[in-house]
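Novice: Need coordinates for the below:
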Amino acid sequence: MSKHHRFAVVTGASSGIGAVYAERMAERGYDLILIARRRDRLEDIAKRIEVKTSRTVEIVTADLADANDLLRIEALLTKREDIDVLINNAGLGALGPTSKVTADALENLIKLNILALTRLTHAVLPGFLRRNSGRIVNIASIIAVMPTPSGASYSGSKAYVLNFTRSLQMELSKTNIIAQAVLPGPVRTEFFEASGLSEAPFPDQLFMSAEELVDAALQALDQRDLICFPSLEDASFWMAFEDSRTALSRALTKSGRPATRYSGGTR
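Specialist: Residues are numbered from 1 along each chain as shown. A predicted model of the protein is given here:
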C-alpha cells in the first residue's frame with residue numbers, strides 16, 4: 001500500500017482515531033500532513049511519529065468548520081501532487097434532542113461532517129484521477145444505519161458519508177482509486193465528552209480502542225473491504241441489509257404511478 005515519498009493526509013489528527021491513523025500510516029511508509037485545530041497536540045504527535053518512524057510530518061492548524069480555513073486546506077490539497085491518501089476523520093457529534101441542541105451547533109456539525117469531507121474529497125480527486133491512484137477513507141458511524149432520538153443531525157450526517165462514499169465507489173469502479181467508508185461503533189476517545197455528554201450512552205463492553213478500530217479498518221482496506229463495520233462479526237447481516245436495499249430499489253422503480261394504497265381515497 002505504501003509508496004516512497006507519498007503523503008497521507010489525516011484530518012482531526014490531534015487525538016483519538018485521527019492520531020492513531022497518523023501513526024499507522026507513518027508505520028506503513030507514508031509521510032504525513034496532519035490537520036487539526038490544536039497545534040500543541042499536533043506538534044506532540046508529529047514529534048513522536050518522526051522519532052519512531054523517521055517519516056516527514058507536516059502539521060497544519062485549521063478549523064475545517066470555518067469557511068476560510070477550509071478553503072485554505074482545499075487549496076493546499078489541490079496543488080499537491082504527492083498526496084496518495086486522504087483520511088477524512090474530523091467530525092462532531094452535537095448530541096441531544098434536536099430542540100435542545102443549538103442551531104449553531106447543528107450548523108457546525110453539518111459544516112464539518114458533511115461540507116468539509118465533501119470539499120476535501122473533491123480537492124484530491126483530480127490529482128488522483130490524473131495519476132489513476134489514491135485512497136480515500138471516510139469515517140462514518142454505525143449510527144448511519146441506526147437513527148436515534150438523541151442524534152438526528154449526527155445520524156443524518158453519517159448517513160450522508162456512507163452514501164457519498166458508496167456513490168464514489170461506483171464512480172471510481174474503473175480506476176485504481178479506492179474509497180472506503182468506516183462505520184465504527186463506540187470508541188474510547190474524547191468524542192462523547194466533546195459532544196457535551198457527561199457519560200457515554202453505551203455500556204463499557206461495547207467500546208473498542210482507537211487502535212483496535214484503526215487496525216481493523218486498515219486490514220479491511222488491504223482486503224478491499226470497502227464498507228467496514230469493525231465490530232461486525234457476521235458479515236451476513238450487512239449482506240442481508242444490502243439485499244433488502246436492492247429489493248426495495250427495484251420495487252421503487254417498477255412504476256411511476258401512485259401506489260394503490262394511496263390512490264383509492266375520496267376527493
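
Novice: which strands and helices sit next to the helix ranked longest in the chain?
Specialist: Ranked by residue count, the top helix of the chain under DSSP state H comes out as helix 152-171. In this structure, helix 152-171 packs against helix 103-110, helix 117-131, strand 134-139, strand 177-182, strand 227-228, with contacts taken as 3 or more C-beta pairs under 8 Å, 6 or more residues apart in numbering; DSSP states H and E. C-beta coordinates here come from the backbone N, C-alpha and C atoms, glycine included.

Novice: repeat that for 10 Å
Specialist: Counting contacts by 3 or more C-beta pairs under 10 Å, 6 or more residues apart in numbering; DSSP states H and E, helix 152-171 packs against strand 83-88, helix 103-110, helix 117-131, strand 134-139, strand 177-182, strand 227-228.

Novice: By average pLDDT, which secondary structure element in this protein comes out worst?
Specialist: helix 191-194 (a mean of 55; mean pLDDT, DSSP states H and E).

Novice: Name the nearest residue to residue 128, sequence neighbours excluded.
Specialist: Once flanking residues are discounted, residue 128 sits nearest to residue 134: 3.3 Å by C-beta to C-beta, 6 or more residues apart in numbering.

Novice: Hmm, the one you found is touching residue 168, no?
Specialist: No. Using C-beta atoms under 10 Å, residue 134 is not in contact with residue 168; the gap is 11.2 Å.

Novice: thinking again about what came up before, buried deepest among the helices and strands packed on helix 152-171, which one?
Specialist: strand 83-88 (a mean of 26; mean count of other C-beta atoms under 10 Å).

Novice: who does it pair up with?
Specialist: strand 7-11 (parallel), strand 134-139 (parallel) (DSSP bridges).

Novice: mind putting the ones you listed in TSV, mean pLDDT and distance to residue 211 included?
Specialist: Below are the strands paired with strand 83-88 laid out as TSV (pLDDT from 0 to 100; distance: least, C-beta to C-beta, whole Å):
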stretch	mean pLDDT	distance to residue 211
strand 7-11	98	15
strand 134-139	98	15
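
Novice: which residues touch stretch 124-132?
Specialist: Outside stretch 124-132, the residues that touch it by C-beta atoms under 10 Å, 6 or more residues apart in numbering are 9, 74, 77-86, 88, 121, 133-136, 168, 171-172, 174-179.

Novice: how far is that stretch from where the chain is centred?
Specialist: 19 Å (C-alpha atoms, centre = their mean, to the nearest Å).

Novice: Give me the mean pLDDT for it.
Specialist: The average pLDDT for stretch 124-132 rounds to 97.

Novice: Export only the CA atoms of it, formatted as PDB.
Specialist: What follows is stretch 124-132, C-alpha atoms only, in PDB (Å, rounded to 0.1, in the frame of the first residue of the first chain):
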ATOM      1  CA  VAL A 124      -7.900  15.500  -4.100                       C
ATOM      2  CA  LEU A 125      -9.900  13.700  -6.800                       C
ATOM      3  CA  PRO A 126      -8.500  15.500  -9.900                       C
ATOM      4  CA  GLY A 127      -4.900  14.600  -8.900                       C
ATOM      5  CA  PHE A 128      -5.900  11.000  -8.000                       C
ATOM      6  CA  LEU A 129      -7.600  10.700 -11.400                       C
ATOM      7  CA  ARG A 130      -4.600  12.100 -13.200                       C
ATOM      8  CA  ARG A 131      -2.400   9.500 -11.600                       C
ATOM      9  CA  ASN A 132      -5.000   6.800 -11.500                       C
END
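
Novice: Look up how far residue 114 lies from residue 246.
Specialist: Distance, residue 246 to residue 114, by C-beta to C-beta, to the nearest Å: 25 Å.

Novice: So these two - more neighbours on which side?
Specialist: residue 114 (18 against 10; other C-beta atoms under 10 Å).

Novice: Now that the more buried one has come up, it's in contact with residue 160, right?
Specialist: Yes. Assessed by C-beta under 10 Å, residue 114 is found in contact with residue 160 at 5.3 Å.
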